[in-house]
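Chemist: Quick one, structure for this:
(2 chains)
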Protein chains: 2
Amino acid sequence: MKRPVFLVSDRTGITVEMLVHTLLTQFEGTEFERINCPFVDNTEKVAAVVEQINRAAEHGDGRPLVFSSLVDPVLREQASRCTGVFFDLFDAFIAPLETELGVQSTQSVGRSHGMGVYATYKARIDAVNFVLANDDGASTRHYPDADIILIGVSRSGKTPTCLYLALHYGILAANYPLAEGDLNTDNLPKSLVPYRDKLFGLTIDPGRLQQIRTERRPNSPYASAEICRFEVQAAKAMYQREHIPFLDTSSVSIEEIATTIIQIADLQRRI
Amino acid sequence: MKRPVFLVSDRTGITVEMLVHTLLTQFEGTEFERINCPFVDNTEKVAAVVEQINRAAEHGDGRPLVFSSLVDPVLREQASRCTGVFFDLFDAFIAPLETELGVQSTQSVGRSHGMGVYATYKARIDAVNFVLANDDGASTRHYPDADIILIGVSRSGKTPTCLYLALHYGILAANYPLAEGDLNTDNLPKSLVPYRDKLFGLTIDPGRLQQIRTERRPNSPYASAEICRFEVQAAKAMYQREHIPFLDTSSVSIEEIATTIIQIADLQRRI
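Modeler: Have a look, this model is predicted:
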């Protein structure tokens, strides 16, 4: 038996999705079935969702939980008349905020995305293009423009982290792979020297690295326990010797890696 | 005068950040200054944040708003004793959820990220690698594995959308640029024919396209009003003729484009 959970939003529903994810992980023993209902922005669509909730309620898996981030008061009222347990993100916070700020909220749908987002859109696109043009040491020409340059051995998570920083924060993130030649000396790679202050190291558990590399190129020297161990140790030694801040990516999500880097490197978000 | 808003979290703070963004955009006339406080996970860090909030309260910009997604009850209690207006995401929802579900929440930090995320991590990395290997028509070899193939004229938003789908949902998204040769005929590009069911078109306002292309290559034919208009019209005609679902990306955010595509194309999230 899985308790049905409806996520009702007038836009993408990403906010309510994240909140519900955080909340429900607090209830370990209970199984949930999530039903996403994004773009519910008129009375017909609300009616259809209410009907779906009411049907689920009759189905016998327990009273549905309904999380709503609907903004329009008429639609909220209509949705709240379903037979599920109704959790209203707006009720919970908007009313007390109105009291505290001494103003009425505008209660208009889609303010947080909508138009006027061109600057944001452009910052993101520019940042994504920057990542792609400067991925994997492809070019060091644009390093003067970079907000940060991630370094690390192959498959330590540099590219996805750069892309996350670009898409979410508009940060111009380059990355440079530490290859054998870089790891066999006691010097910082030449092309990185002028940008020492922008460097941030990624490290990873050698066993995890081996697992990732084996999935990519099974039985290659590249994926051997020995090479993985050597590369990780040499990279870490470089970070410590050169006083480069670094982070272990083995057991954290990309969101956490990105947020931690922003904090440690004190990066300014462009979005 | 900007009203200070503190975002206090024991992990990345992304959930509380999205929620606060949505909430505060409902208060148009009021200016806010957001202070992110992620990774606040022990009493010392809470004490430091409380001190910062109390200092801001004395500064005269109005009583600080404090949004907390702290999970640990001891830390929450400690934080709530600051002089700001305290909004507690957990109080608002966890207590009623406990009542409804008839169980206690586990109240442990970081459940929503942390370990056990290797499967997620791998799905994301694989999806990002898929996007990069299949970006901009670079290769059509992997199209049989694609969950979706975005098509559209150059600079219509294909790559960032593919990356967003990959990073957030683990979706294998390829993209194929509609070039002049594709747009001058009445046929679907040959390499796309076998994958007709996976195609999804992006379209864009020609003026917006011109703006984006001009920033990239000023005064080129590529960025001329005429070429932009022709390409957009021809692409849209192709979508309609071939019954390919499509979406106008001009005034929506990447989140919205991605969520809409998932809904229309009925894609399964891999994360």
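Chemist: ok, now which ones touch A:G60?
Modeler: Residues in contact with A:G60 (Cβ atoms under 8 Å, 6 or more residues apart in numbering or on different chains) are A:M1. For the C-beta atoms, the positions are set from N, CA and C on the backbone; glycine is no exception.
Chemist: any idea how far it is from B:D266?
Modeler: To B:D266, A:G60 is 27 Å away according to Cβ to Cβ, to the nearest Å.
Chemist: do A:G201 as well
Modeler: Here A:G201 is placed at a distance of 42 Å from B:D266 (Cβ to Cβ).
Chemist: Between these two, which has more neighbouring residues?
Modeler: A count of neighbours by other Cβ atoms under 10 Å in any protein chain shown puts A:G201 above the other of A:G201 and B:D266, at 22 against 7.
Chemist: Which parts of stretch A:75-84 count as buried, going by neighbours?
Modeler: Burial within stretch A:75-84, assessed by neighbour count using 16 or more other Cβ atoms under 10 Å in any protein chain shown, is assigned to A:L75, A:R76, A:Q78, A:A79, A:S80, A:C82, A:G84.
Chemist: Show me how far the helix or strand where the second one lies is from its chain's centre.
Modeler: Which is A:R76. For A:R76, the host element (DSSP states H and E) is helix A:73-80. Using Cα atoms, centre = their mean, to the nearest Å, the mean C-alpha position of helix A:73-80 is found 31 Å from that of the whole chain.
Chemist: Can you spell out which helices and strands pack onto that helix?
Modeler: Contacts defined by 3 or more Cβ pairs under 8 Å, 6 or more residues apart in numbering or on different chains; DSSP states H and E place helix A:73-80 against helix A:43-58, strand A:65-68, strand A:85-88.
Chemist: Include mean neighbour count, mean pLDDT and distance to chain B when you put the ones you listed into a markdown table, please.
Modeler: As requested, the helices and strands packed on helix A:73-80 are arranged in a markdown table below (neighbours: other Cβ atoms under 10 Å in any protein chain shown; pLDDT from 0 to 100; distance: least, Cβ to the nearest Cβ, whole Å):
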| stretch | mean neighbour count | mean pLDDT | distance to chain B |
| --- | --- | --- | --- |
| helix A:43-58 | 16 | 96 | 12 |
| strand A:65-68 | 26 | 95 | 7 |
| strand A:85-88 | 21 | 92 | 5 |
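Chemist: how many other residues sit next to A:P245?
Modeler: 12.
Chemist: Wait, it touches A:T203, no?
Modeler: No - contact criterion Cβ atoms under 8 Å: A:P245 and A:T203 do not qualify, at 11.1 Å.
Chemist: quick one on the thing from earlier: farthest pair in the buried residues of stretch A:75-84?
Modeler: For those, the maximum inter-member distance is 15.4 Å, found between A:L75 and A:G84 (Cβ to Cβ).
Chemist: Overlap in contacts, A:P245 and A:T203.
Modeler: Between them, A:P245 and A:T203 share the contacting residues A:Y239, judged by Cβ under 8 Å, 6+ apart.
Chemist: what element comes up after the helix ranked longest in chain A heading to the C-terminus?
Modeler: If you go by DSSP state H, chain A has its longest helix at helix A:225-242. Moving toward the C-terminus from helix A:225-242, the next helix or strand (DSSP H and E) is strand A:246-248.
Chemist: Mind listing the strands that next one pairs with, and their directions?
Modeler: Using DSSP bridges, the strands paired with strand A:246-248 are strand A:199-203 (parallel).
Chemist: chain center to the partner strand, what's the gap?
Modeler: The answer for strand A:199-203 is 19 Å, by Cα atoms, centre = their mean.
Chemist: now do stretch A:49-62
Modeler: Relative to its chain's centre, stretch A:49-62 lies at 32 Å (Cα atoms, centre = their mean).
Chemist: Could you do stretch A:128-148 as well?
Modeler: With Cα atoms, centre = their mean as the basis, stretch A:128-148 stands 21 Å off its chain's centre.
Chemist: just stretch A:193-213 next, same as before
Modeler: Distance of stretch A:193-213 from its chain centroid, counting by Cα atoms, centre = their mean, is 19 Å.
Chemist: and it, C-alpha only, in CSV?
Modeler: C-alpha atoms of stretch A:193-213 as CSV (Å, rounded to 0.1, in the frame of the first residue of the first chain):
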residue,chain,number,x,y,z
VAL,A,193,49.9,28.9,-12.5
PRO,A,194,48.6,32.3,-13.5
TYR,A,195,45.1,31.3,-12.2
ARG,A,196,46.1,29.8,-8.8
ASP,A,197,43.4,31.8,-7.0
LYS,A,198,40.7,30.4,-9.1
LEU,A,199,41.6,26.8,-8.6
PHE,A,200,39.4,24.4,-6.7
GLY,A,201,40.2,20.7,-6.4
LEU,A,202,37.9,17.7,-6.5
THR,A,203,38.9,14.5,-4.9
ILE,A,204,37.2,11.1,-4.7
ASP,A,205,37.4,7.8,-3.0
PRO,A,206,39.8,5.6,-5.1
GLY,A,207,37.4,2.6,-4.9
ARG,A,208,34.5,4.8,-6.1
LEU,A,209,36.7,6.1,-8.9
GLN,A,210,37.6,2.6,-9.9
GLN,A,211,33.9,1.7,-10.0
ILE,A,212,33.1,4.6,-12.2
ARG,A,213,36.1,4.1,-14.5
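Chemist: in what helix or strand does the residue lying closest to A:A223 once chain neighbours are set aside lie?
Modeler: With sequence-adjacent residues excluded and distances taken as Cβ to Cβ, 6 or more residues apart in numbering or on different chains, A:A223 is closest to A:R213, at 3.8 Å. Assigned by DSSP H and E, A:R213 falls within helix A:206-216.
Chemist: For that helix, which residues meet the burial criterion?
Modeler: For helix A:206-216, the neighbour count (16+ other Cβ under 10 Å) marks A:P206, A:R208, A:L209, A:Q210, A:I212, A:R213, A:T214 as buried.
Chemist: Name the nearest of those relative to A:Y143.
Modeler: Of all the buried residues of helix A:206-216, A:L209 has the smallest distance to A:Y143: 25.6 Å, by Cβ to Cβ.
Chemist: Make sure I have this right: A:D182 is in a strand.
Modeler: No - counting by DSSP: H, G, I helix; E, B strand; the rest coil, one finds A:D182 to be helix, located in no strand.
Chemist: Surely it is in contact with A:K190?
Modeler: No - counting by Cβ under 8 Å, A:D182 sits too far from A:K190 to count as a contact (9.4 Å).
Chemist: Who has more neighbours out of those two?
Modeler: Higher neighbour count among A:D182 and A:K190: A:D182, with 22 against 9, using other Cβ under 10 Å.
Chemist: Thanks again, I'm all set now.
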